[in-house]
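*Asks:* no sequence on hand, only this structure:
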């Protein structure tokens, strides 16, 4: 009888989030496929154990955890090509983003990531389009962002984008960012609606602009040495369950955003949908970010966007 393989999958979301629901699907699917050959242990939210969110990456790379999902934005320092996902207004809609990440662009980024890190990449979960929330005023134009202190991920592309909009980016980790939002040390933040509600930001911000300025992806990362040591049958089963979980997560995330938009309106939060002209003004303001990225990353990777 083969030795039982224990897979420890960590995250940074509560049990009812779309990512946690997908984690459950992964666990149930894999254990159904392999029976007693594998056990999947889920760790919902490492913040509850005193860790920072970005500790997940090092915990997987050193093998403390076997798997995690995490924003690709945090891996760009080691894999600059991942910046293509972070560029403002680079995907028109969810369908375009999914086609790129499940196709040639995703294959290209996976190869680069696996060559430069200690991960195997099983795919890309959907963190959705990011929208701006703040406590100060309605935002319908770049001028409305002037001098607004915006909590940002520590990602250079995101920081440059908000600088072009006239805001003051404050680059801090999620846990510290939430503390600064509560204390009013920052005025605004930008996230998918699910994150804005999950982390309680909607209790402190009265204005939400459905700007969709960035699309967020969360890579599904596995400890490379562990994955490579598994029998081929286990590797194939893990990939199959991961693919299923990706579809479950994306479908539930799409439905959840509309549910949360309605919920915010019912709570009295101002939810602003930009007109096409207003959206074009934002896109025009950040064009230098796209031009700089193209000159640095090259035209080839842009051709993979589809």
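*Replies:* Done, it's in. No experiment lies behind these values; they were computed from the predicted model shown. Numbering: from 1, shown residues only.
*Asks:* which helix or strand in the chain has the lowest average pLDDT?
*Replies:* Across the helices and strands of the chain, mean pLDDT, DSSP states H and E gives its lowest value to helix 193-198, namely a mean of 88.
*Asks:* burial count for residue 228?
*Replies:* 10 (other Cβ atoms under 10 Å). Glycine gets a C-beta too; all of them are placed from N, C-alpha and C.
*Asks:* dig out what the residue nearest to it when sequence neighbours are not counted forms beta bridges with.
*Replies:* Residue nearest to residue 228 in three dimensions, not counting chain neighbours: residue 120, with 7.4 Å by Cβ to Cβ, 6 or more residues apart in numbering. As for beta bridges, residue 120 partners with residue 222 under DSSP bridges.
*Asks:* where does the prediction get shaky in this protein?
*Replies:* In the prediction, the chain carries residues with pLDDT under 70 at positions 1-2.
*Asks:* packing partners for the host helix or strand of residue 228?
*Replies:* Take DSSP states H and E as the rule and residue 228 turns out to sit in helix 224-229. Taking 3 or more Cβ pairs under 8 Å, 6 or more residues apart in numbering; DSSP states H and E as the contact definition, the neighbouring helices and strands of helix 224-229 are strand 119-134.
*Asks:* okay, how far is it across stretch 278-292, tip to tip?
*Replies:* End-to-end distance of stretch 278-292 (Cα to Cα, to the nearest Å): 23 Å.
*Asks:* and what of stretch 25-42?
*Replies:* Calculated as Cα to Cα, the first-to-last residue distance of stretch 25-42 is 11 Å.
*Asks:* what of stretch 271-289?
*Replies:* The distance separating the two terminal residues of stretch 271-289, taken as Cα to Cα, comes to 27 Å.
*Asks:* any idea of the angle whatever helix or strand comes next after the helix holding residue 228 forms with strand 119-134?
*Replies:* Next in sequence after helix 224-229, counting helices and strands by DSSP H and E, comes helix 232-266. Direction vectors for helix 232-266 and strand 119-134, defined by axes from the mean of the first three to the mean of the last three Cα atoms, to 10 degrees, enclose an angle of 0 degrees.
*Asks:* give the buried residues for helix 232-266.
*Replies:* Applying a neighbour-count criterion of 16 or more other Cβ atoms under 10 Å, the buried positions in helix 232-266 are 234, 237-238, 241-246, 248-250, 252-253, 256-257, 260-261, 264.
*Asks:* just to revisit the earlier point, ok, and what's touching the least confident helix or strand of the chain?
*Replies:* Contacting residues not belonging to helix 193-198 are listed as 13-14, 17-18, 127-128, 131, 133, 189, 201-202, 205, 208, 253, 256-257, 260-261, 263-264 [Cβ atoms under 8 Å, 6 or more residues apart in numbering].
*Asks:* same thing but 6 Å
*Replies:* The contact list for helix 193-198, computed with Cβ atoms under 6 Å, 6 or more residues apart in numbering, reads 17, 133, 202, 256-257, 260.
*Asks:* and stretch 258-272, by the same measure?
*Replies:* Contacts for stretch 258-272 (Cβ under 6 Å, 6+ apart): 138, 193, 197, 206-209.
*Asks:* again with stretch 247-254
*Replies:* 18, 21-22, 25, 125-126, 128.
*Asks:* now flag whichever of those residues is closest to residue 92.
*Replies:* If you rank these by distance to residue 92 using Cβ to Cβ, residue 128 comes first, at 14.1 Å.
*Asks:* surely that closest one and residue 192 touch.
*Replies:* Yes: in this structure residue 128 lies within contact range of residue 192 using Cβ atoms under 6 Å: 3.7 Å.
*Asks:* tell me where this structure has strands.
*Replies:* Taking DSSP state E, the strands of the chain run over residues 5-10, 38-43, 67-71, 119-134, 149-152, 168-171, 188-191, 207-223, 270-273.
*Asks:* redo the ones you listed as TSV? Include mean neighbour count and distance to residue 59.
*Replies:* As requested, the strands of the chain are exported to TSV (neighbours: other Cβ atoms under 10 Å; distance: least, Cβ to Cβ, whole Å):
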stretch	mean neighbour count	distance to residue 59
strand 5-10	20	6
strand 38-43	17	9
strand 67-71	26	7
strand 119-134	24	12
strand 149-152	23	23
strand 168-171	18	22
strand 188-191	26	23
strand 207-223	24	9
strand 270-273	16	36
